[in-house]
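Asks: I'll drop the sequence and a predicted model, then ask my questions.
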Amino acid sequence: MIAKLKGQYGSGICEANTYLGQNYMVVDPSIVSDLLQILRNREQFDYCVDITAVHYPEREKQFDVLWILYSFSKNERIRVKIMIADGESVPSAVSVWATANWLEREVYDMFGIRFDGHPDLKRILLPDGWKGYPLRKDYGIIQQDQEWVKANLGIESGQ
Amino acid sequence: MTDRTMFDLKPTDPKPADDKYLSHLELGEPDKTFLDTNELVINMGPQHPATHGVLRVILKLDGEKVLGTECVIGYLHRGVEKIAENRTYTMFNPYVDRMDYVAAVSNGLGYCEAVEKLLNIEAPPRAKYIRVILTELNRLASHQLWLGTHALDIGAMTPLFYTFRDREEILKIFEKYCGARLTTHAFRIGGCQYETYEGFERDVVKFLDFVPPKIDEYEELLTTNRIWLERTKNVGVISRADAIALGVTGPVLRASGVKWDLRKAQPYAAYSDFDFEVPIGANGDTYDRYTVRMEEMRQSLRIIRQAVEKIPEGPIMAKVPKVMKPPVGEIYHSIEAPKGELGYFIVSDGSTQPYRVRIRPPSFVNLQALDIMVRGALVADVIAVIGTLDIVLGEVDR
Amino acid sequence: MLDYITSYLSSNTTPGQAGNVFWALVYIMIVFGGISVAVMAMNWLERKALAHFQIRLGPMRVGPHGLLQPIADAIKLMTKEDIIPAEADKFVFWIAPLIILCASFAIYIVVPFGPTHAITDLNIGILFMLGVSSLSVLGVVMAGWASNSHYPLIGALRSSAQMVSYEVAMGLAVVSAIVMTSLHGLGPYGVGVGTSGTGTLSMIGIVQAQQEQHVWFLFKFFPLGFIAFGIFAIAMVAETNRAPFDLPEAESELTAGFHTEYSGLRWSLFMLGEYAAMIAVSSIAVTLWLGGWYRPFPNTLTGDTWDLVFSLFPGLTFLALAAIAFVGVRRMPKHPYFRVQTIGLAGFGAVLGLIGLILFVPPVRDRIQDIYWFIAKVAGFMYLYIWYRATFPRYRFDQLMKVGWKVLLPIGIGVLILTAILGVVL
Amino acid sequence: MEQAIQPGMQPVATTFFFYLLSGLTLLSGVFVITRKNPVHSALALIFGLLAQAGLYLMLYAPFVAGVQIILYAGGIMVLFLFVIMLVNLERSQREERFNKQWVVGLVAAVALGVLFVVVYVKGKALFPYRIAQPLENSNTQQIGVMLYGQYMFAFEIASLLLLVAIIGAVVMAKKRI
């Protein structure tokens, strides 16, 4: 499969490897939209387990965005990873897997990564007017949106 | 028309500002008669007896028919993933119990196994067996709690008390084993902290003999009850294709006819040693989800019985370094929690604290299916479907 | 004065018929007071019985075995803050519970607890009952609307649609009972005797017709009477908004339905109305189908011996209750903390036993008979209400309507037509 | 007190009740047209109908009274309330309440007034001072006999009319049958 994909995309697949028995590939953000389609339709990864992101503030391309996929017919998992810089947006996978809807919203909520083509991209766990993206590394663990807390809860601080 | 609906009956100020009464033509929208119905937007929750916590569902209704829903979640958000980044691997272990608090043991199992994988160690067989016994007991407790509350939502009060009576026996075993009943923190990375107490096996076997007639009792109250059938059959149907596309897992997926259980598909702990069935449903309706869960309870009992019979002697803790520093790398490990696939994606940067812990909560993903399951149904069905999804808000919001 | 009372007791008309204002007032006091007490007792019994269905104990703290719980509840409800939502329509909000209460209590005007133990015997008794009970819908609708809130309004809509629908089925079942009063056929199984007479709408007349025909209407034209009774028994549960038809107050969907916004005394008026209505419709069912105040087998098991045997039942019942109370005393924990409770329970048992003994005194024994059998039959229905609540899940709204219109109504019409035909043919 | 127990109806304060009920009827009639909130109007109408039922009872027509309560107060008015509550009241409250059709109203009022006066003047001749009291017990029976005997045809026509109304309502309400 990897070979086939490599043949198709060449250098678009930067790395395809296995770590602790788990397959993952790192791909170029430009091909990820197509690649997910192909994985879903041709390679039968019909179940999108999870979409998430990791923040590396010291890197130039600050964010890893990951898709964890599973194929019922092959009983196989694969992780697709791309690296993007802050402010870059990612193609949405909602049209490929309906479940991506909330998962992408959560990534947006926590990291501020925008997904192009998402039908309703807004915060999901945090309140709508909240400022800041808590799972970024520069967001402190006791940090909070003081303004929001004051305005909506009528208290000085949530701590 | 403003966003006031037909149900906003009493105006705050019936007179217009200029204090002049208008004929109905002057009021505009002359083609709109009073017989035109408006949609009613109703807010279910966050404090509502049937939303199982602080779920808020905004329902758009036409009469009693549901045109659409929107879930507003996050009222119980505690930033568990952020906390993980600021604690060591060991310190974070008890936190996961607080997510799905009715199935805390499963949460702990998933986390411990994920970290073990990252550390490249394996728990000893005896620990694995203890883990299986406790996890399956916990699955039973979780399903019992689900059944009680689900039946209560549909209006049958009595099963709630029956299930809580029997769940109590499970919690007693937990309490005897580790001192806690709900958020047990039963497992440690690398095995189990505690050896089973004196008489543990006897207690479990006694429970195994005690509970099957009780499950029959629940079924007697519900399974063939005509009202129950009418309330659950063909309600909240989700097709196989939709279920897969929406990524729902656990009993919800199996009720739609997908025979997929992580305990079979990718066995973890000691599950490969046991013989059990994976029940599936045919129609993907609320009744199928009910029967699937009921059968799962029985299968759990089967697994526990085998585990108690075959439990090996030996150590319960693997050799684990005092200071855990997993090598740089990423791991995704998932288990079959009572509610579906519970996954942990852990990124290690080689330090004592995880660089990132992503928890893939089954309730969160399953809840997303609520919308398509209740479209075109009635308000009462929304309650039934929320119940049948078996969500725990602690896990949805983390 | 004593003569006056005894002369009244030996008369054979109800105070309403006699046009006797004084006795009518006395009866009204007794009946309404009795019903209020019965509602409290029912409240306690329901909580207790439901608890035992559900392997709980129920109220145990206030008084021995929670016997004083209803009183504590009543005091609590009366002293609670009475909240009226700011945007509510004050007048309608205020009057709604009163309407429900009046409607459910007014039914008792025609309920015959015995041949003379009724406030009055209207010759349109059953019609009056149907009319008055339909008025409680108004209270529900008004309460839901006046609260100016979504849940109560939906609850009120559901409730009124439900009550109006089931009234139709109920009416049909009632009509077949009325038809039976004028038809003296023996039915396929030859139960009863053929006499001559005209039909009646009067509640006392209906009971007497059953006695004359030597058959409870439940068994008349078997199984027609049975089916009609079944329809009534289902419709009356729906009519009183009780499980499994308790959609208007479906707590898991609509929090508390039409009385969500009510609190304190006003809320308790709703509850009082609901329970009073439950007892009222059960009384109607007993009157129409179960031979009203007559003891079992009044025509076959005749003679002094049987009369004596059946007249012992009231006293025996109270003695049995007293015995249960004394068993409870024996089982009370022997701890000083429980001493007051133990003494209280023993006292309660003693009172019950005393009442039982009084009921053995021949004059009392004879007079109390009618009322005892009537109440015993009604109590059976009350127990059914609790049993339903413990057993059944709740119907969905469309299913409820389906049952009402597509099942009960056609069957009701069929039964009515068949009854009429059978009555003419046989 | 001693002779209070006697069989047969004893009219109790008839005149008082007549004026009480009539007054209630009139008062609620006035309320029906003057209340701004249609729900209040409907409630007033219900009270009026109940008071009328009381008047029927005084005329020894219990069956009519019972039917009045069941059908009007219990049935029709509930549906009325239903409709009114679901209509956008905010709008209707901002609309003009009276149509200002003074001429028509005046004509109608004058016509009614004339009729009333004529009946009052001639009534004593037209009707006997006190009509024979029908027996309360046979009233219901007589209505039945009348409806299914003498007025059979009219009765059936009326039921046919109702059937048409039902079908019409279903056709109008259902978009697709």
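Replies: Looks like it came in fine. Since the model is a prediction, treat every value here as computed from it, not as a measurement.
Asks: the bottom helix or strand of chain D by mean pLDDT?
Replies: Here the helix or strand of chain D ranked lowest by mean pLDDT, DSSP states H and E is helix D:89-94, holding a mean of 59.
Asks: Pull whichever strand or helix holds C:Val415 out as CSV, backbone CA atoms only.
Replies: Here C:Val415, judged by DSSP states H and E, is contained in helix C:409-425. Extracted in CSV, the C-alpha atoms of helix C:409-425 (Å, rounded to 0.1, in the frame of the first residue of the first chain):
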residue,chain,number,x,y,z
LEU,C,409,-62.6,4.0,20.2
PRO,C,410,-63.5,1.3,17.5
ILE,C,411,-63.7,-1.4,20.1
GLY,C,412,-65.8,0.8,22.3
ILE,C,413,-68.2,1.5,19.4
GLY,C,414,-68.3,-2.2,18.5
VAL,C,415,-69.0,-3.2,22.1
LEU,C,416,-71.8,-0.6,22.3
ILE,C,417,-73.5,-1.8,19.2
LEU,C,418,-73.1,-5.5,20.2
THR,C,419,-74.5,-4.7,23.6
ALA,C,420,-77.5,-3.1,22.1
ILE,C,421,-78.1,-5.9,19.7
LEU,C,422,-77.6,-8.6,22.3
GLY,C,423,-80.0,-6.8,24.7
VAL,C,424,-82.7,-6.8,22.1
VAL,C,425,-82.1,-10.3,20.7
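Asks: What residues sit buried inside that helix?
Replies: By neighbour count with 16 or more other Cβ atoms under 10 Å in any protein chain shown, helix C:409-425 contains the buried residues C:Leu409, C:Ile411, C:Gly412, C:Val415, C:Leu416, C:Thr419, C:Ala420, C:Leu422, C:Gly423. Where you see a C-beta, it was placed from the backbone N, CA and C, and this is true even at glycine.
Asks: right, and B:Gly340 touches B:Gly250 too?
Replies: Yes. The criterion here is Cβ atoms under 8 Å, and B:Gly340 meets it with B:Gly250 at 2.9 Å.
Asks: Common neighbours of the two, please.
Replies: Common neighbours of B:Gly340 and B:Gly250, counting by Cβ atoms under 8 Å, 6 or more residues apart in numbering or on different chains, are B:Pro362, B:Asn366.
Asks: mind checking how far the nearest residue to B:Gln144 once chain neighbours are set aside is from chain C?
Replies: Leaving aside its sequence neighbours, B:Gln144 sits nearest to B:Thr163 (Cβ to Cβ, 6 or more residues apart in numbering or on different chains; 4.0 Å). B:Thr163 is 11 Å from chain C, where distance means Cβ to the nearest Cβ, to the nearest Å.
Asks: And the average pLDDT for the longest helix seen in chain B is what?
Replies: Longest helix of chain B, by residue count under DSSP state H: helix B:125-154. The average pLDDT within helix B:125-154 is 89.
Asks: Now do the same contact list for the residue of chain A found nearest chain B.
Replies: Chain B sits closest to A:Thr99 of chain A, with a gap of 3.2 Å, by Cβ to the nearest Cβ. Contacts were defined as Cβ under 8 Å, 6+ apart; by that measure A:Thr99 touches A:Cys48, B:Ala245, B:Leu246, B:Gly247, B:Val248, B:Val365, B:Gln368.
Asks: Could you report the pLDDT at it?
Replies: A:Thr99 is given a pLDDT of 86.
Asks: Skipping adjacent residues, who's closest to it in space?
Replies: B:Gly247 (3.2 Å).
Asks: burial count for C:Phe313?
Replies: Using other Cβ atoms under 10 Å in any protein chain shown, the number of residues around C:Phe313 comes to 18.
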